[in-house]
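**Student:** give me a 3D structure for the following:
(one chain, ligands or ions: 1)
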Amino acid sequence: MTDQEIANLLIGVLMGGQHTSAATSAWFLLHLAERPDLQDEIYQDIVNLLKSKGPNTTLDDLSYDDLSGLPNVNNVIRETLRLHMPLHSIFRKVMNPLLVPNTNYVVPKGHHVLVAPGYSMTSERWFPQALTFNPHRWDQPDADQQKDDGTTVDYGFGAISKGVNSPYLPFGGGRHRCVGEQFAYCQLGTILTTYVYNLKWSFKPNGKLPEVDYASMVTLPMEPAEIAWEKRDTCSI
Ligand code: HEM
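**Tutor:** Coordinates of the predicted model:
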């Protein structure tokens, strides 16, 4: 591999792996600032999980597998990614003349096409009350009305769905689908669990959910995006 290729790959992993998770964390903190009820639900889930693992269990004792026992944590991440897919545009180079379905248009070889899954992820057609932050919509595992045929493929980083015809595609689809999805859920779940177990938060007086900055490379909140913290009894930071 050349130095240029190594540098390109590192930029891909660092950009793809850091900015995306940072943006998602910012958005779930901001949405939860409006929803103390959801913070408390997650807090109660964590307390129950720690109790179930025996006396004196702390957050540090939790493992990767334990995150699957915190459904509200995963649902908050899933819902945040629905409303705020960090990479709003996905590009593909057309390798063979491409007929646009149900039309006479053909995209010539060598051109690029752009896909914006945020369109279907915020469409009423697929998600009732689409612009409302409602993690509980994911209590139904098929809330994305996945039209998947159930087949999976393993490109070397674990089996993933082959399907690209779901309206919910925050990690893209096909051959260049995100390789970091599982890592991202682990990282984001750890961040959210740590925040909720230690702190409660809300907007400052007159504060509100900020607008989206679509001009930034990943969809970040516009400034000001400030919240006020309060320590919980279980705070250890
Ligand atoms: C919330 C977190 C993340 C989101 C929403 C996300 C989203 C995406 C999307 C939309 C793509 C493009 C897929 C396509 O073109 O179809 C992608 C590709 C990629 N992601 Fe992620 N990503 C996240 C986290 C991560 C993490 C944590 C890593 C690495 C540790 C990572 C590594 C990559 C890489 C290397 C690619 C390029 C794959 C390829 O071209 O074959 N991502 N990601």
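**Student:** contacts, neighbours, all on C-alpha from now
**Tutor:** Noted.
**Student:** which residues of the chain lie near the ligand?
**Tutor:** Within the chain, the residues that sit near the ligand (Cα under 6 Å from any ligand atom) are 12-13, 16-17, 20-21, 24, 85-87, 90, 170-173, 176-181, 183-184.
**Student:** just the buried ones out of the residues you listed, please.
**Tutor:** Buried by 16 or more other Cα atoms under 10 Å: 16-17, 20-21, 24, 85-87, 170-173, 177-179, 184, out of the residues of the chain next to the ligand.
**Student:** give me the contacts around stretch 125-143.
**Tutor:** Residues outside stretch 125-143 that contact it (Cα atoms under 8 Å, 6 or more residues apart in numbering): 31, 72, 75-76, 78-80, 83, 120-124, 144-145, 167.
**Student:** repeat for stretch 176-186
**Tutor:** With contacts defined as Cα under 8 Å, 6+ apart, stretch 176-186 is touched by 17, 21, 64, 67, 74, 77, 157, 171, 172.
**Student:** just the ones of the residues of the chain next to the ligand in strands?
**Tutor:** residue 90 (DSSP state E).
**Student:** for stretch 124-141, C-alpha coordinates in PDB please.
**Tutor:** The C-alpha trace of stretch 124-141 is given here as PDB (Å, rounded to 0.1, in the frame of the first residue of the first chain):
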ATOM      1  CA  GLU A 124     -44.900  10.300   7.000                       C
ATOM      2  CA  ARG A 125     -45.300   7.500   4.500                       C
ATOM      3  CA  TRP A 126     -43.000   5.300   6.500                       C
ATOM      4  CA  PHE A 127     -42.800   6.800  10.000                       C
ATOM      5  CA  PRO A 128     -46.000   8.200  11.500                       C
ATOM      6  CA  GLN A 129     -45.500  11.600  13.100                       C
ATOM      7  CA  ALA A 130     -42.100  11.500  11.400                       C
ATOM      8  CA  LEU A 131     -40.700  14.700  12.800                       C
ATOM      9  CA  THR A 132     -41.400  13.800  16.400                       C
ATOM     10  CA  PHE A 133     -38.500  12.300  18.400                       C
ATOM     11  CA  ASN A 134     -40.100   9.100  19.700                       C
ATOM     12  CA  PRO A 135     -37.700   6.300  20.600                       C
ATOM     13  CA  HIS A 136     -40.600   4.100  21.600                       C
ATOM     14  CA  ARG A 137     -41.600   3.700  18.000                       C
ATOM     15  CA  TRP A 138     -38.700   1.200  17.900                       C
ATOM     16  CA  ASP A 139     -40.400  -0.900  20.600                       C
ATOM     17  CA  GLN A 140     -41.800  -2.600  17.500                       C
ATOM     18  CA  PRO A 141     -38.700  -4.100  15.900                       C
END
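**Student:** from the geometric centre of the protein, which residue sits farthest away?
**Tutor:** residue 104 (36.1 Å; Cα atoms, centre = their mean).
**Student:** in a strand, it, correct?
**Tutor:** No: checked against DSSP: H, G, I helix; E, B strand; the rest coil, residue 104 lies outside a strand; its state is coil.
**Student:** quick check: mean pLDDT of stretch 91-104?
**Tutor:** Stretch 91-104 carries an average pLDDT of 94.
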